[in-house]
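Asker: Just the structure for this:
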Amino acid sequence: MGIFAALLDRRPDYLEDEAGHASLLLVPLTTGSLICELHARVEAVCRDSIAVVSTFEPTPSYAAAIRGACPQVKDVLPVHEFLARFSAYDLKDWLVIIDPACFPLAPIDWAPIEAELARPQAGALHIVALDEHPGGTTERVQLDPAGRVRRIQRYYDSHTWAFTRGIACSIVPAAALVAANCVEFRDLRELRQELMLRGVPSRDLPLVPGALDLENPGALLHLAEVCMRATEGAEETHTVDVAQTAVVDPTAELIGPVFVHDDALVEAGARVIGPTVIGRGARVGRDAIVAQCVLAPAARVRSGSTHRHAVIAGTHSSASAIEVHDDPAPMAEIGLQPAEHAGSSSYTGVKAVVDAAIAAVSLVILSPFLLLTAALIKLESRGPALYGDLRETIGGRTFRCWKFRTMCRDAAARQRELLNTNEVDGPQFKMDADPRVTRLGAWLRRLSIDELPQLINVVRGEMSLVGPRPSPFRENQICIPWREARLSVRPGITGLWQVCRAERNSGDFHQWIHYDLLYVRNISFAVDVKLIGATVLTLLSGKRVPVTWVLPAAALRPAAKDETVSEDAYDSAHA
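Answerer: Below you'll find the predicted structure:
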């Protein structure tokens, strides 16, 4: 079995010169071109010579430029000719096709791919970049048959948005490619579609941590800067690298990081400010200013002109210098990071250790009572003693939040039938006489005993003793800033909303948001101790604890910094 690599080349509009010539693979990056970077990433799995497959008709000068940039390239030919040649290969061979337009942010992990290839009758594999949005969310308007707005649905990239933006790599068995008779394709999405239409089994593997869409000039600028940082190292931040055959006038000024490729020319009085890459044969005219740019091979910058944050191809005109005003969102997973206001990292680290220790001791002490409770639940109704619901913890990771089961076995299914009787607002569900709650369950809920198994989650590091209420994804998606803030800390068995909310039998969603944000902004050892004490008082008395008993007055100030609010006024405003 042989594995052969092919690099797909294309001509993005922003790289085309006046004659319509362009090549994504020949785009300059530091001391080499994009094709060199891709070859370095694929040579570990494909040690033989590689082929360049163009979506346009290659010319002899183009083929010479490709081989000059990467001597390991053997064949340079169009897609239809390459597919015809590949049909003569052994049917047990594999073809690895790389699309540079979907450029991985990190080298592809080939280990799981090789494991897939070893399977009998394995189909095609496609390494896909998932579609993502700024902030990790997108919203879509849903209309009824009459064209009226029915609802606005929010989608989260990592949970409910399951679309791909590009395919970085396709690994196709020669047998499938020959039998399917795919005559031609312009990108890997077309190839995947053709293979699936012809019955070839395909499997998508997500690309982690994501990819850059190099059809976008801003993504190319971002990639060039990333490569410069990797080349410079941690200490050298102003590298100026000029190739031996490049010419830089003594009066020109280069402020690094700047990389000048072979045969390039920087004329007198020109000023080049990094991060900038000047491609092979490019020319920067007299007294021109170029800052944060990529000059394609043979590009020309007019004398006296100024360019910033641009991709320049051909002889500069308003159409050939693509100014990039906003950095593009890369095809990269945007993970939720701990919020800056979420307390000091030293306290949160100590808090996790102390919480786990206290929870472990509590489990040992309470074990007889917990076992007795579990036995009573089993005796009263059929089903497991514990109920584990998927909730979200710090960073949006999911975990099973354990509770004593207080409802009948089909409670989740029956909730859909009871939605019209919901007595609280927001994404929660609550009703006083819930028919799904067992007799023992009602008693366990009244005393909050059903929450005690969450000590297991605390020991596992999924929860804290004190924190926001652990919520499932369907509840957290309602308010984006609230979600990001509350998921910057671990959820807790008890918290500010649990002990301070005005009406324990109602669920003011806005008050819930407000109290969670207050806790995240003011997390500290003193606040946690007060909340544990307030929890005991609430359980014994059944009454709420004023929030001003827990948080300092400074934390409750309104927008005007010189104003404070009294305890009575604050409680009245948020009751």
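
Asker: What score does Val424 have for pLDDT?
Answerer: Looking at Val424, its pLDDT reads 59.

Asker: nope, Gly383 is what I meant
Answerer: 86.

Asker: can you check the one 5 residues further on too?
Answerer: Confidence per residue is given as pLDDT, and for Gly388 that number is 90.

Asker: May I ask which helix or strand encompasses it?
Answerer: Per DSSP states H and E, Gly388 falls inside strand 386-392.

Asker: again with Arg119
Answerer: Using DSSP H and E, Arg119 falls outside every helix and strand.

Asker: how far away is it from Glu194?
Answerer: To Glu194, Arg119 is 22 Å away according to Cβ to Cβ, to the nearest Å. Yep, even glycine has a C-beta here, placed from its N, CA and C like the rest.

Asker: pretty sure Ile456 contacts Leu363?
Answerer: Yes: shown here, Ile456 and Leu363 form a contact pair, counting by Cβ atoms under 8 Å, at 7.1 Å.

Asker: quick one: which of Arg119 and Glu194 has more around it?
Answerer: Neighbour count, other Cβ atoms under 10 Å: between Arg119 and Glu194, Glu194 has more, with 17 against 8.

Asker: which residue packs closest to the more buried one, ignoring adjacent ones?
Answerer: In this structure, Glu194 finds its nearest non-sequential neighbour in Cys182, 4.7 Å apart by Cβ to Cβ, 6 or more residues apart in numbering.

Asker: got the contact list for the one you found?
Answerer: Contacts for Cys182 (Cβ atoms under 8 Å, 6 or more residues apart in numbering) come out as 83, 191, 194-195, 198.

Asker: Compare Ile456 and Leu363 (neighbour count), which wins?
Answerer: More crowded of Ile456 and Leu363, by other Cβ under 10 Å: Ile456, with 19 against 16.

Asker: That one in helix, strand or coil?
Answerer: Secondary structure, DSSP: H, G, I helix; E, B strand; the rest coil: Ile456 is helix.

Asker: neighbours of the nearest residue to it once chain neighbours are set aside, just the number please.
Answerer: Sequence neighbours aside, Trp402 is the residue nearest to Ile456 in space, at 5.4 Å (criterion: Cβ to Cβ, 6+ apart). Neighbourhood size, Trp402 [other Cβ under 10 Å]: 22.

Asker: quick one: the helix or strand harbouring Trp402 to strand 386-392, angle?
Answerer: In this assignment (DSSP H and E), Trp402 forms part of strand 398-404. When axes from the mean of the first three to the mean of the last three Cα atoms, to 10 degrees is applied, the directions of strand 398-404 and strand 386-392 differ by 150 degrees.

Asker: my read: the residue nearest to Ile456 touches Ala385, true?
Answerer: No: using Cβ under 8 Å as the test, Trp402 is too far from Ala385 to be in contact (10.2 Å).

Asker: partner residues bridging the residue nearest to Ile456?
Answerer: Gly388 (DSSP bridges).

Asker: For it, give its distance to Gly383.
Answerer: Using Cβ to Cβ, we find Trp402 at a distance of 14 Å from Gly383.

Asker: One more: Val311?
Answerer: Taken as Cβ to Cβ, the span from Val311 to Gly383 is 62 Å.

Asker: try Thr406
Answerer: Separation of Thr406 from Gly383 (Cβ to Cβ): 11 Å.

Asker: which of the two has more neighbours?
Answerer: Thr406 (22 against 16).

Asker: which residues touch the nearest residue to Glu43 once chain neighbours are set aside?
Answerer: Excluding the flanking residues, the one nearest Glu43 by Cβ to Cβ, 6+ apart is Gln72, at 7.6 Å. Residues near Gln72 by Cβ under 8 Å, 6+ apart: 39, 43, 49-50.

Asker: confidence score at Gln72?
Answerer: As predicted, Gln72 sits at a pLDDT of 88.

Asker: now for the contacts of Cys182, which pair is the farthest apart?
Answerer: Between any two of those, the greatest separation by Cβ to Cβ is 13.4 Å, found for Leu83 and Arg198.

Asker: For stretch 478-495, give the mean pLDDT please.
Answerer: 86.

Asker: Residues touching stretch 373-384, excluding its own?
Answerer: Stretch 373-384 is contacted by residues 385-386, 404-405, 408-409, 438-441, 444, 449, 452 when judged by Cβ under 8 Å, 6+ apart.

Asker: who wins for neighbours among those residues?
Answerer: Arg405 (25 neighbours).

Asker: Could you list the domains of this structure?
Answerer: The chain breaks down by automatic domain parsing into domains covering 3-213, 234-332, 345-411+438-573.

Asker: Could you look over those and pick the most buried one?
Answerer: Of all these, domain 234-332 has the most neighbours on average by mean count of other Cβ atoms under 10 Å, namely a mean of 19.

Asker: how far does that one sit from the chain's center?
Answerer: Offset of domain 234-332 from its chain centre (Cα atoms, centre = their mean, to the nearest Å): 31 Å.

Asker: before we move on, the earlier item: could the domains of the chain be laid out in CSV, adding distance to Leu221?
Answerer: Output for the domains of the chain, formatted as CSV (distance: least, Cβ to Cβ, whole Å):
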stretch, distance to Leu221
domain 3-213, 10
domain 234-332, 6
domain 345-411+438-573, 28
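
Asker: Tell me the spacing between Ile532 and Ser464.
Answerer: 11 Å.

Asker: And the contacts of stretch 373-384, which is closest to Arg280?
Answerer: Proximity of those to Arg280 (Cβ to Cβ) peaks at Leu386, which lies at 66.3 Å.

Asker: contacting residues for the closest one?
Answerer: Contacts of Leu386 (Cβ under 8 Å, 6+ apart): 374, 402-405, 453.

Asker: The stretch 351-500 of the chain: helices as residue ranges?
Answerer: Remark: helices assigned in the stretch 351-500 of the chain by DSSP state H, counting those that start in this stretch are 411-415, 439-446, 454-459, 473-476, 480-486, 496-500.

Asker: so which of those helices gets nearest Asp109?
Answerer: Comparing the helices of the stretch 351-500 of the chain by Cβ to Cβ, helix 473-476 comes nearest, at 27.4 Å.
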